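Undergrad: give me the fold of what follows.
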Amino acid sequence: MAVRRAIANLVDNALRYAGEPVEIETRREPDRAVLEVRDRGPGIPPDQVERMKQPFTRLEAARSDAGGSGLGLAIVERVARLHGGSLELLPREGGGLVARLAFPLRTAPREA
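TA: This next block holds a predicted model:
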């Protein structure tokens, strides 16, 4: 349930702050499962990325434009960490944001 909420928060944020279209990609890497939510909104300045993962934090420009309490990314960050994963907020080439949620994969021991 927590992972589902984290994904919903990322998609909701993309729609709220960037509008459509929002792209979602999932992939399996050798040691982790990755979900990316990509938008073409204003993005997050690199010097604000870590601050935006804190509870009740919003960018100044977003405060007057969209609702929300500033908890969405903090929840996603917490869910990621509780599951041994990570949340990255990256600038998207051509403008926008890539929110990358990754979780480690656990493989079953091989039988002899």
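Undergrad: please count neighbours and contacts with C-alpha atoms only from this point.
TA: Will do.
Undergrad: so which helix or strand of this structure has the lowest pLDDT on average?
TA: The helix or strand of the chain with the poorest confidence is helix 49-52; it has a mean of 87 (mean pLDDT, DSSP states H and E).
Undergrad: CA atoms only: put the top helix by length along the chain into PDB for me.
TA: Taking DSSP state H as the criterion, the chain has its longest helix at helix 2-18. This file holds the C-alpha atoms of helix 2-18, laid out as PDB (Å, rounded to 0.1, in the frame of the first residue of the first chain):
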ATOM      1  CA  ALA A   2       2.800   2.400   0.800                       C
ATOM      2  CA  VAL A   3       4.500   1.900  -2.500                       C
ATOM      3  CA  ARG A   4       1.200   2.500  -4.300                       C
ATOM      4  CA  ARG A   5       0.700   5.700  -2.400                       C
ATOM      5  CA  ALA A   6       4.300   6.800  -3.300                       C
ATOM      6  CA  ILE A   7       3.600   6.200  -7.000                       C
ATOM      7  CA  ALA A   8       0.300   8.100  -6.800                       C
ATOM      8  CA  ASN A   9       2.000  11.000  -5.100                       C
ATOM      9  CA  LEU A  10       4.500  11.300  -7.900                       C
ATOM     10  CA  VAL A  11       1.900  11.100 -10.600                       C
ATOM     11  CA  ASP A  12      -0.400  13.600  -8.800                       C
ATOM     12  CA  ASN A  13       2.500  16.000  -8.300                       C
ATOM     13  CA  ALA A  14       3.400  15.800 -12.000                       C
ATOM     14  CA  LEU A  15      -0.200  16.500 -13.000                       C
ATOM     15  CA  ARG A  16      -0.600  19.300 -10.500                       C
ATOM     16  CA  TYR A  17       2.600  21.200 -11.200                       C
ATOM     17  CA  ALA A  18       3.200  20.400 -14.900                       C
END
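Undergrad: so how far is it off the chain centroid?
TA: A distance of 7 Å separates the C-alpha centroid of helix 2-18 from that of its chain, computed with C-alpha atoms, centre = their mean, to the nearest Å.
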